[in-house]
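Asks: Next come a sequence and a model predicted from it.
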Amino acid sequence: MVLSNDKNHKEADRRCETRFEMDVPVRTDEGDGTEEKLLDMSARGCRLITPLVYNEGDMLLVDLTRNRTTILMHSPEFRRGKVVWVRRGTGNLGEYGIEFFQ
C-alpha cells in the first residue's frame with residue numbers, strides 16, 4: 001500500500017493520520033456493491049466512489065467485508081460515517097469523503 005500525498009482532496013491539509021491508497025470493492029448500506037470502491041482509508045475516514053448520490057452531511061454505513069486486505073482486517077467490518085465532501089464526476093459515479101464516527 002502506498003501513502004497518498006495528494007493535496008487535491010478538500011480535507012487533505014487537515015488530515016493528521018496516515019492515509020492508505022487502495023482500490024478495493026466496498027458496499028454502502030444503500031448500495032449493492034456494483035461500481036462501489038474504496039479509494040483510500042485512514043483511521044478517521046475514507047474516500048470512496050459509488051453511483052449513489054449523497055450530499056454533504058448525509059450519514060451512511062460502509063461495509064468493509066467485501067475485501068479482506070490487511071488494512072481492512074484490522075478495522076471494524078462496518079463503519080458508520082458522515083459525508084464531509086462531495087465531488088460529482090462526469091459519468092454516473094460520485095466521489096465522497098467520509099468521516100467515521102468513533
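Replies: Cool, got the structure.

Asks: Toward the C-terminus from the worst-scoring helix or strand of the chain on mean pLDDT, list the very next helix or strand.
Replies: Lowest mean confidence among the helices and strands of the chain (mean pLDDT, DSSP states H and E): helix 70-73, at a mean of 47. Using DSSP states H and E, the next helix or strand after helix 70-73 towards the C-terminus is strand 78-88.

Asks: Of all the residues in that following strand, which ones are buried?
Replies: 79, 81-84, 86 (16 or more other C-beta atoms under 10 Å). Yep, even glycine has a C-beta here, placed from its N, CA and C like the rest.

Asks: Where do the strands of the protein begin and end?
Replies: Ranges of strands within the chain are 20-25, 27-28, 37-41, 45-50, 59-63, 78-88, 94-100, based on DSSP state E.

Asks: residues making contact with the second one?
Replies: Taking contacts as C-beta atoms under 8 Å, 6 or more residues apart in numbering, the residues outside strand 27-28 that touch it are 33, 36, 48, 50, 52, 60-63, 66.

Asks: at 10 Å what do you get?
Replies: Contact with strand 27-28 is made by 33-34, 36, 38, 48, 50, 52, 54, 60-66, 78, 81, 96, 98, as judged by C-beta atoms under 10 Å, 6 or more residues apart in numbering.

Asks: which among those end up buried?
Replies: For the contacts of strand 27-28, a burial check counting by 16+ other C-beta under 10 Å picks out 36, 38, 48, 50, 52, 54, 60, 62-64, 81, 96, 98.

Asks: Take those residues and lay them out in a markdown table including distance to E21 and pLDDT.
Replies: Shown next, in a markdown table, are those (distance: C-beta to C-beta, whole Å; pLDDT from 0 to 100):
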| residue | distance to E21 | pLDDT |
| --- | --- | --- |
| E36 | 17 | 92 |
| L38 | 10 | 93 |
| L48 | 12 | 95 |
| T50 | 18 | 94 |
| L52 | 22 | 94 |
| Y54 | 21 | 95 |
| L60 | 21 | 94 |
| V62 | 17 | 91 |
| D63 | 20 | 87 |
| L64 | 16 | 78 |
| G81 | 18 | 95 |
| Y96 | 16 | 97 |
| I98 | 15 | 97 |
